[in-house]
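Asker: Here you go, sequence then predicted model.
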Amino acid sequence: MMAAPDRPVADAVTGHWVDRHAPEALRPYLRLARIERPIGWWLLLLPCWWSAALAAIAAGQPGPSLWHLVLFLVGAVAMRGAGSTYNDIADRDLDARVERTRLRPLPSGRIGVRHALTFLVLQALVGLAVLLQFNRTAILVGLASLLPVAIYPFMKRVMPVPQAVLGLAFAWGALMGWVALIGRLDAPACWLYAGAIAWVIGYDTIYAVQDIEDDEIAGIKSSARFFGARVRLAVAGCFMAAVLCIGLALAGAGAGPIGLAGLALFAGHLAWQVGRLDPRDGAEALRLFRSNRDAGLILFCGLTLDAIWQGLM
């Protein structure tokens, strides 16, 4: 198949350095890893950071471990890239039928499957190197995350709401930060995980609004298609569940007023997204989806400041 011209993918950050300055031979690999779309690794990273900060509150430490935060950052970028590469290998035929995804490196012919598999292995090795820096329990919990990652691409063909499986994978960090510090899984980590799952389903439903028409033509299932005219109500329900479960996690970990204020601001941001969501406006849906980085950072800052305050008292 003749390769398509070298052009940025539809939802890439405008003017990103990958599209402007990266060597042309490397651009398809960087795009395969979604480097020019950093929102993906931010959304994978934030539950890790929430969990690290919540664990610090429970352990009475003045803030989350900086070393753990750095490890989670490197791991999120590597594993987001590996997961995206795996997803694109599995979805290359479907992606060719969707306007937003047909210029991705595999369906456009800029990378072959064999090269993509090699690149996948290299990224996974970076992720494994990061995982091995943690305690034995955290390593085992991290390895278990591979199951939802492995099955997610195929759920879009059979499940009416495949975002539920995506939630299991993308929210996994909510367990990792806790177990990396505490060494076991406790109720607050599980509540945080449940809340993060609901958050992922909500924001990815917003993201899926962009593709409703193409998904119907290609036979791809999504929560946006499933909820249809009730998509705003469904997103609101997901976000309410997220706030409730995260609130239970904070209560179980002993969070104070600062952490709860962070949760309240997080909830306010989610409510703003629901109010702005218009199922007919794909561009606004993408903007709202990306704004979840800010929502997640608000919660992280609240939890971190709470840990610092309590740890110094």
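Answerer: Okay, I see it. Numbers count the residues shown, from 1 in each chain.
Asker: Show me where the stretch 151-300 of the chain dips below the pLDDT cut-off.
Answerer: 213-219 (pLDDT under 70).
Asker: which residues in the stretch 101-250 of the chain form helices?
Answerer: 113-131, 136-144, 146-155, 163-170, 173-182, 187-208, 212-218, 223-227, 231-253 (DSSP state H, counting those that start in this stretch).
Asker: Quick one: closest of those helices to D19.
Answerer: D19 sits nearest to helix 113-131 of all the helices of the stretch 101-250 of the chain, at 18.5 Å, using Cβ to Cβ. Every residue, glycine included, has its C-beta placed from N, CA and C.
Asker: If I take whatever helix or strand V77 lives in and helix 163-170, what angle do their directions form?
Answerer: Assessed by DSSP states H and E, V77 sits inside helix 66-95. With axes from the mean of the first three to the mean of the last three Cα atoms, to 10 degrees as the basis, helix 66-95 and helix 163-170 are set at 150 degrees to each other.
Asker: So which elements touch helix 66-95?
Answerer: helix 27-32, helix 39-59, helix 113-131, helix 146-155, helix 173-182 (3 or more Cβ pairs under 8 Å, 6 or more residues apart in numbering; DSSP states H and E).
Asker: before we move on, back to that, pipe the helices of the stretch 101-250 of the chain into a markdown table and attach distance to G81 per row.
Answerer: Shown next, in a markdown table, are these (distance: least, Cβ to Cβ, whole Å):
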| stretch | distance to G81 |
| --- | --- |
| helix 113-131 | 5 |
| helix 136-144 | 16 |
| helix 146-155 | 12 |
| helix 163-170 | 14 |
| helix 173-182 | 16 |
| helix 187-208 | 18 |
| helix 212-218 | 24 |
| helix 223-227 | 24 |
| helix 231-253 | 26 |
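Asker: can I get those in TSV with mean neighbour count?
Answerer: Shown next, in TSV, are these (neighbours: other Cβ atoms under 10 Å):
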stretch	mean neighbour count
helix 113-131	16
helix 136-144	16
helix 146-155	16
helix 163-170	23
helix 173-182	26
helix 187-208	25
helix 212-218	15
helix 223-227	21
helix 231-253	21
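Asker: For burial, what's the neighbour tally of the closest residue to Y203 other than its chain neighbours?
Answerer: Leaving out its chain neighbours, the residue that sits closest to Y203 by Cβ to Cβ, 6 or more residues apart in numbering is N292, at 4.5 Å. Residues within reach of N292, counting by other Cβ atoms under 10 Å, total 23.
Asker: Contact partners for N292?
Answerer: 39, 43, 199, 203, 273 (Cβ atoms under 8 Å, 6 or more residues apart in numbering).
Asker: Next: T205.
Answerer: 163, 222-224, 227, 231, 234-235, 238.
Asker: how close does it sit to A78?
Answerer: 27 Å (Cβ to Cβ, to the nearest Å).
Asker: pLDDT (mean, whole number) over stretch 126-145?
Answerer: For stretch 126-145, mean pLDDT rounds to 97.
Asker: what does that stretch contact?
Answerer: Residues contacting stretch 126-145 (Cβ under 8 Å, 6+ apart): 68, 71, 74-75, 78-79, 82, 169, 172, 175-176, 179-180, 183-185.
Asker: what's the first-to-last distance across that stretch?
Answerer: 16 Å (Cα to Cα, to the nearest Å).
Asker: mind checking how far that stretch is from the chain centre?
Answerer: 18 Å (Cα atoms, centre = their mean, to the nearest Å).
Asker: Dump the contacts of N292 into a markdown table; add distance to A138 as well.
Answerer: Shown next, in a markdown table, are these (distance: Cβ to Cβ, whole Å):
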| residue | distance to A138 |
| --- | --- |
| I39 | 26 |
| L43 | 21 |
| W199 | 22 |
| Y203 | 26 |
| Q273 | 32 |
